[in-house]
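In: Whatever this is, show me its structure:
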Amino acid sequence: MPVINRIAGLAPQMTAWRRHLHAHPELGFECGGTAAFVAARLAELGVDEIHEGIAHTGIVAIINGQGDGPVVGLRADMDALPILEATGADHASTVPGKMHACGHDGHTAMLLGAAAYLVETRGFRGRVALIFQPAEEDGGGAGVMVEEGIMDRFDIAEVYALHNVPGLDLGQVLTTPGPIMAAVDEFTITLTGQGGHGAMPHDTVDPIPAAVSIVQAIQTIVSRNHHATQDLVVSVTQIHAGTTDNVIPGTAMINGTVRTFEPAVQAMVMRRMDEIVAGQAASFGVTGDLDYAVGYPATVNDPDRAEFAAGVAAEVVGADLVDGAAGREMGAEDFAYMLQARPGAYLFLGAGPGAGLHHPAYDFNDEILPLGASILARLAERAAPIGG
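Out: Residues are numbered from 1 along each chain as shown. Alright, predicted model coming up:
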């Protein structure tokens, strides 16, 4: 794999950065310590501009190239997850109940490694905007950064990001033109009846049969209300009702997630869920309240940029390890907001065997740090080559 030699030499430094971040995880927008660490490293590297406090704790740093050209955005997410770590690693989380279980520590270290190389070489025209983003897991930090005007403020013309994937062969890169990840919504259904003694159900209005019926009816949205060739997931993930065996509860709660790609499919799900809750609640004599929260939109790659990014990745890992038409998946990503604002592409980078994302035993594979950093650096250089 022709990793950039200078970046290969930075592997020990990137590993140290990554493990420091792993040991000090922060959640959501509260990434102040992480941002301070990143800003300090960027200052040591000699980037030309450091702009802090965007979306609370986000950073945009600028590296000037040689001559006029576009501004290419490279994004890394910084936040961790509310999970109790179970890796047993020497660099394990020092904050109980918080850990980097998705590899954002590695993504940040990769972008710092790319920055170190790009500052030294400046082998591109225009400028590179390094985007260090909080609150990818919860809060839509990418959307907040866009709302606060980073695309116009820094004149960003195109934007790229990548994500590690444990279980995918080490160094394999996947992307696709058009939609690559789904929109994600969540719903909560609250059913209110009248509780009472479990031995006297006739004196109650039991919300549990209504909840069971609603969960079953929701499954027909996928099986009977949408075209079989359109991607759609509707999953019930929580049911809560009651506290003991001899009491019929007064309320029941149902929670779940919806994944779509097409706005029309999303609108159909919202309509059918509203109809199901209202109808089933009425049939059981309970009150039904649906709270449907629209979340991150679908992540949609610009076709030309996706093809370009796949070609750049092939320079680093080899063409046999790149699939530029890998298809889409039902996970979600708030990088979608940046791709709504500017053309660009999102890539997956294989991390080899290991525990899956969001698992308490997950740990980022430091072997892929030079690969990811090289891909990011090459994206900047190839997007605006000197003499191009």
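In: Distance of the closest residue to Gly196 other than its chain neighbours relative to Glu120?
Out: Excluding its sequence neighbours, the residue lying closest to Gly196 (C-beta to C-beta, 6 or more residues apart in numbering) is Thr204, at 3.8 Å. (C-beta placed from N, C-alpha, C; glycine too.) Applying C-beta to C-beta, to the nearest Å, the value for Thr204 to Glu120 is 73 Å.
In: The most centrally placed residue in the chain: what secondary structure?
Out: Nearest to the mean C-alpha position of the chain, by C-alpha atoms, centre = their mean, lies Glu333 at 3.4 Å. Following DSSP: H, G, I helix; E, B strand; the rest coil, Glu333 is assigned to coil.
In: Just the pLDDT for it.
Out: For Glu333, the pLDDT comes out at 97.
In: these two touch, right, it and His163?
Out: Yes: if you go by C-beta atoms under 8 Å, Glu333 and His163 touch, sitting 7.4 Å apart.
In: what touches both of these two?
Out: Contact criterion C-beta atoms under 8 Å, 6 or more residues apart in numbering; residues shared by Glu333 and His163: Tyr346.
In: Can you tell me what sits against the lengthiest helix in the chain?
Out: The longest helix of the chain (DSSP state H) is helix 263-284. If you take C-beta under 8 Å, 6+ apart as the criterion, helix 263-284 is touched by 183, 185, 187, 189, 191, 193, 205-207, 209-210, 213-214, 217-218, 221, 225-226, 230, 232, 234, 258, 260, 287-290, 292, 294.
In: Which members of those are classed as buried?
Out: 183, 185, 187, 189, 191, 193, 205-207, 209-210, 213-214, 217-218, 221, 226, 232, 234, 258, 260, 288, 290, 292 (16 or more other C-beta atoms under 10 Å).
In: out of those residues, which are inside strands?
Out: Of the buried ones among the contacts of helix 263-284, the ones assigned to strands by DSSP state E are 183, 185, 187, 189, 191, 232, 234, 258, 260, 288, 290, 292.
In: Can you give the domain ranges for the protein?
Out: Here the domain parsing of the chain from automatic domain parsing is 5-180+299-383, 183-294.
In: what's the span of the first one, first residue to last?
Out: In this case it means domain 5-180+299-383. End-to-end distance for domain 5-180+299-383: 20 Å, by C-alpha to C-alpha, to the nearest Å.
In: Would you state the helices of the protein in chain order?
Out: In the chain, the segments counted as helices under DSSP H are 5-9, 11-23, 32-45, 104-121, 141-147, 150-153, 207-224, 263-284, 303-317, 335-341, 369-383.
In: of all those helices, which lies closest to Thr244?
Out: When the helices of the chain are compared for distance to Thr244 using C-beta to C-beta, the nearest one is helix 207-224, at 13.2 Å.
In: elements contacting the closest one?
Out: For helix 207-224, the packing partners by 3 or more C-beta pairs under 8 Å, 6 or more residues apart in numbering; DSSP states H and E come out as strand 183-192, strand 232-241, strand 251-260, helix 263-284.
In: Make TSV from these and add distance to Val71 to it.
Out: Converted to TSV, the helices and strands packed on helix 207-224 look like this (distance: least, C-beta to C-beta, whole Å):
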stretch	distance to Val71
strand 183-192	28
strand 232-241	36
strand 251-260	32
helix 263-284	30
